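Colleague: A structural model of the following input is requested.
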Amino acid sequence: MNKNFSAKITEYFIENKITLLLILFIIGFGIIAVMLTPRQYNPQIIVPAANVIVRFPGASAEQVKNLVTKPLERKMWQIPGVKHVYSISMNSESIVTVQFHVNASRDKSLVDIYNKVFSNLDEIPKGVMRPLIKPIDVNHVPILNITLWSKKYDAGYLTTIAGRILDKLDSVEGTGVTSLNGARYKQLNVYLNPVKMAAYNVSPLMIAQELKNTNVNMPAGFLRNDNKKTFITAGGYFHRARSVKNFIISVYNGRPVYLKDVAKVKSSYKPLNFLSEIGFGGYYRKINANDRIIKDAKGVYPAVTIAIAKRRGKNAVTVVDNVLAKFHKIAETSLPAGVHYTITRNDGKKANNAVNKLLFHLIISIIIVIVLLLLILGWREAFIVAFTIPLMLFLTLGIAYIFHQTLNRITLFALILSLGLLVDNAIVVIDNIERVFSRERNVLPTYAVDAVNEIGNPNFFATLAVIASFIPMLFVTGMMGPYMRPIPFNVPIAMLVSLFVALTIVPWFYLKLMANEKGMALLRKKELKEEGKDVNSGLYARILKPLLSSKKKRYIFMSVIIILFILAMSLPVLKIVKFKMLPVANTNTFLITVNKRPGSTFESTNIATMHIVNYLKSIKQVKNYVITVGTPSVIDFSGLLRGANFRNTSWYSEIRVNLINKDKRSTSSHQLVLNILPVVHKIGKKYDADVKVLESPPGPPVKSTIVAEIYGNNYKKQEKLSKIVEARMKKTRGVTDVNSSYKKRIRKIMLIIRRRKAALMGITTQMIAQSVYILNNGMSVGTIHKKGHLHQDDIFLRMPDDFRTDVNALSSLWIYAPYAGRLVPLNSVVKIKRGYLHNMIYQRDLKSVVYVYGKVVKRSPMYANLDLFLHFLKHPLPTGYRIRWGGEWHLTLKVFAQLGAAMGIAILLIYILLVGYTGSFIIPLILMGAIPLEMIGIMPGFGLIGVYFTATSMIGAIALSGIVIRNSLLLLEFINDRKKEGYNIIDSLVAAGSMRARPIIITALAVVFGSAILVTDPVWNGLAWALIFGMIASTTLTLIVIPVLYYMIEGRRWHKEDIHDNL
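Modeller: Numbers count the residues shown, from 1 in each chain. The predicted model follows:
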């Protein structure tokens, strides 16, 4: 007998001692891989990007757009690999965000940006400052937040403690970017007294210049003497506040004027223009009644958060564990009494818990499959499969480790998905070896090799068919590509591994168990049992034979199948089955943002925020909340892509709400959000604030679930049209949190220089601008150089608050006139004019755009967006203006289109494989007739249980395409075997179906029960339901439909061949 490649592999390993070493190697390799593979919650999505920030002091938003933003955008757009260029032009500043394609080289992308910017510095207009490039890196997102808080101390003291701790934690292996959020540093405030300055004839500019000129120390070369060098420095820094107070700034009437004569010099914390506090939920305090610190924490307290990110490629779990171990040692010995800490983010623990939970689910799935096999096959066969499953998983994880994959939720979902496929190869090999042993009435290695030889080729091509169904998913683009990439990467590897184990270890192990008297007795018993069966009288034969024998019944049956398929595919059109990108995840956190009217004060924003906080205290599922007013909270991946780190304004605040662990509460985080939305919206309306509640996305983040991008040729018209779109969104069912990038303009006061009068006095525009800047905004003119301190205190000049509330008080201040040699009132050389700041101007890919955002609740965003799309299709914007729909709508359409294309390519690849295997163009079409059968189960199933058909459901459908083809291919092989043995076509089809039915059903049950564990997962239950419903339908119908199709197409040729053979 000619042996195929599969049989040769089995022949080599079946009696070779290397097989045992191979088993030991796989076990060791797998254990090491599990221990060393970095763990993450989700696969890391690398989107190389950077912000290019350019200051243009005094320019309006329109000037910034024309002179800075547009030229810079064009330069950035020329860089190869750039996907999008976003920009915001505002008064005095331009921010251009350059985003490259997902998974592009981060280092090369940043180098390209630097090269392009700095090679064109000569084109910068006059008055524009040097560009600043800030990379946007997912590795900068903290994985651990340690929040220090106190009832006794203020934020300034906490900052000092946090700075010392962070200095020690920076040295922990694997830590990346670290920062302090909510830190308040000390500074030496120099409050200038305008009356005293006028009395001593000194101006703010004079004081600033004198302080800058004095607080200097610089190297002055060296002296040579006796062949030795002595270095020289000249100058001297301020080391104490007393030195600054007693600094002589001028001489008036022959006596020195000290700084303390014209200003109040006071060392204190920087003025309060932002706030960071922490509070605890009432129920959380109750369940921690033994912890008096938590129990008594009934208010909100000053907080400073130590935020720690990890370096690229490091294990989040290990880094967090090492940092916390060192922190706890520091806390035990160095944390002052009255300073407490709370872990407000622990992505290492989150990733570890998620991975461990899914590993547990994987073990449960394995046990379920083993019990199933035990009931159907017997303990020996079940034991073999039970032994090989861990080997397959170990080897798969080991190979993934070699390819620098991480151990995350998606990787483990891929392994659970492939579990039913893994056992199929082993079951097929065991089933055929058992059949050959029974036929030959002996247990010999040669017969095992013959058994593998019989099914080697179809089994190999069937495995390739499954692999072909997953490979196209590797080419899904965008952020969803790397998110789901562990599935098309790991499943094909698992399939190849399962084939390798089935050809090497399974025959070897089966021979060890059966090559004895008990094994022989068991085979004889099974043989006698099988001999007593008549395949032509069984249930399967009674169903199939009438269909094969009657043309009318065949056509009626196939017509029913076609009708069922059409009805199933019509369910989405009728909205009985609804689509959604991904379901909402049940997480332990969400974010509340408060956005008051631009120009609102810090105090008014804080009042609105605290009213929301008071409501949060009453929610029993709330563990703690970190409040940041005037500054964003510690950034997360979603916030990084939304650009939340630029929201350092007095009218913006965030509340990061952390919930009790989801395992300890019955209400999901999404339901909690739905419960609080009406209340926080009511509070927001009362205080004229736009309040949003943002949930952690289950997959790749988007700016908002609905984004309308309005394009046109007149920006003011676009802003007006945004109000129409905004109003329509508010009327659309399920849409909430509607707002736009168009905001009410902020008032401004312009001090217009009386140029002639100022020039006659020797007063320049720059002198006036700098003086007003110092007096009103304040200016740092140096630092106090304290020895041994981690942070140097600024010397900050400014006017007292009383002089900074009214423009008339400001304009009545004095400024030095060089030609007159005296101070003159500021209002004598300026006139006051009132107006408004220009609104920010947004651009996307070199086109001006106005954004309108919305969030969808209690409904799929796809259908809310579809309602809006249809409305504006009937009522379009004026000619020259258009809407591009972004957000989850765009992502959903793109992902489903690409997954659909992946499925189409997979089917094409499978067809090519089958043509190569069968040597026919028609038979592959028969075998692929099983693919539509899965949809007869999937669509009605989803409609029945009312679950959204998501991207994960689509992955399940793609996976089933390979599985059902595998069944059809092995069924074909048995049909051909019966044909060679001289059976007529009907008997061949019945016999092949009867013989293949058991492994097909076993595989189907393994897939169904193995996937059932995923039904409880809120995100991936779509995959589980697709596999369950699709597998049940396709398995049931494949055993009937494929033989019927085969008979209808190949029956006539079979008859002709039979007649030819008889002649």
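Colleague: quickly find the element holding residue 955.
Modeller: helix 951-980 (DSSP states H and E).
Colleague: for the helix or strand containing residue 726, the averaged confidence score.
Modeller: Taking DSSP H and E as the definition, one finds residue 726 inside helix 715-731. Mean pLDDT, helix 715-731: 94.
Colleague: list the helices and strands the next helix or strand after it packs on?
Modeller: Per DSSP H and E, the first helix or strand lying C-terminal to helix 715-731 is strand 735-740. Judged by 3 or more Cβ pairs under 8 Å, 6 or more residues apart in numbering; DSSP states H and E, strand 735-740 is in contact with strand 689-695, helix 715-731, strand 847-856. For glycine as for every other residue, the C-beta is placed from the backbone atoms N, C-alpha and C.
Colleague: which stretch among the ones you listed comes nearest residue 622?
Modeller: strand 689-695 (13.0 Å; Cβ to Cβ).
Colleague: now what about the closest one, what contacts it?
Modeller: 584-585, 587, 590-597, 605, 608, 612, 638, 669-670, 673, 676-677, 680-681, 683-684, 737, 739, 855 (Cβ atoms under 8 Å, 6 or more residues apart in numbering).
Colleague: that one pairs with which strands, parallel or anti?
Modeller: Its sheet considered, strand 689-695 pairs with strand 589-596 (antiparallel) by DSSP bridges.
Colleague: who are the packing partners of the helix or strand just after the strand it pairs with?
Modeller: Counting by DSSP H and E, the next helix or strand C-terminal to strand 589-596 is helix 602-616. Packing partners of helix 602-616 (3+ Cβ pairs under 8 Å, 6+ apart): strand 275-280, strand 589-596, strand 622-629, strand 652-659, helix 669-686, strand 689-695.
Colleague: nearest to residue 751, out of these?
Modeller: The nearest among these, by Cβ to Cβ, is strand 589-596 at 26.7 Å.
Colleague: residue 945 versus residue 429, what's the distance?
Modeller: 36 Å (Cβ to Cβ, to the nearest Å).
Colleague: who's more crowded, these two?
Modeller: With neighbours defined as other Cβ atoms under 10 Å, residue 429 and residue 945 compare such that residue 429 has more, 28 against 11.
Colleague: which helix of this structure spans the most residues?
Modeller: helix 1021-1062 (DSSP state H).
Colleague: and of the helices and strands packed on strand 735-740, who's closest to residue 1027?
Modeller: strand 689-695 (27.0 Å).
Colleague: okay, the angle between that closest one and strand 847-856?
Modeller: Taking axes from the mean of the first three to the mean of the last three Cα atoms, to 10 degrees, one finds that strand 689-695 is oriented at 70 degrees with respect to strand 847-856.
Colleague: ok, then the element right after strand 689-695?
Modeller: strand 706-711.
Colleague: now do that following strand: which elements does it pack against?
Modeller: helix 715-731, strand 847-856, helix 861-874, strand 882-886, helix 887-918.
Colleague: dump the shortest one to PDB, restricted to CA.
Modeller: Meaning strand 882-886. Extracted as PDB, the C-alpha positions of strand 882-886 are listed here (Å, rounded to 0.1, in the frame of the first residue of the first chain):
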ATOM      1  CA  ARG A 882     -22.400  67.200   3.200                       C
ATOM      2  CA  ILE A 883     -22.400  64.900   6.300                       C
ATOM      3  CA  ARG A 884     -20.000  62.100   6.800                       C
ATOM      4  CA  TRP A 885     -21.100  59.700   9.500                       C
ATOM      5  CA  GLY A 886     -18.300  58.400  11.700                       C
END
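Colleague: could you tell me how far that strand lies from the centre of the chain?
Modeller: 24 Å (Cα atoms, centre = their mean, to the nearest Å).
Colleague: which residues are contacting it?
Modeller: Here strand 882-886 has contacts from 702-703, 706-712, 725, 865, 868-869, 872, 877, using Cβ under 8 Å, 6+ apart.
Colleague: report the buried members of those.
Modeller: The neighbour-count criterion (16 or more other Cβ atoms under 10 Å) marks 702, 706-712, 725, 865, 868, 872, 877 among the contacts of strand 882-886 as buried.
Colleague: may I see the buried residues of the helix holding residue 726?
Modeller: Buried-residue list, helix 715-731, by 16+ other Cβ under 10 Å: 715, 717, 718, 719, 721, 722, 725, 726, 728, 729.
Colleague: and stretch 976-993, by the same measure?
Modeller: For stretch 976-993, by 16+ other Cβ under 10 Å, it's 977-979, 983, 985-993.
Colleague: tell me the two of the residues you listed that are most distant?
Modeller: Top of the distance list for these (Cβ to Cβ): 977 and 986, 15.5 Å.
Colleague: what residue spans form the domains of this protein?
Modeller: Following automatic domain parsing, one finds the domains of the chain at 1-36+377-532, 49-136, 186-216+237-269+747-836, 534-570+920-1063.
Colleague: now do the third one: distance to the chain's middle.
Modeller: Right, domain 186-216+237-269+747-836. With Cα atoms, centre = their mean, you get 49 Å for domain 186-216+237-269+747-836.
Colleague: check contacts around the most centrally placed residue in the chain.
Modeller: The centre of the chain sits closest to residue 700, judged by Cα atoms, centre = their mean, with a distance of 4.3 Å. Neighbouring residues of residue 700 by Cβ under 8 Å, 6+ apart: 45, 478, 479, 480, 483, 891.
Colleague: quick one: low-confidence parts of the stretch 501-650 of the chain?
Modeller: For the stretch 501-650 of the chain, the stretches with pLDDT under 70 are 515-537.
Colleague: nothing else from me, thank you.
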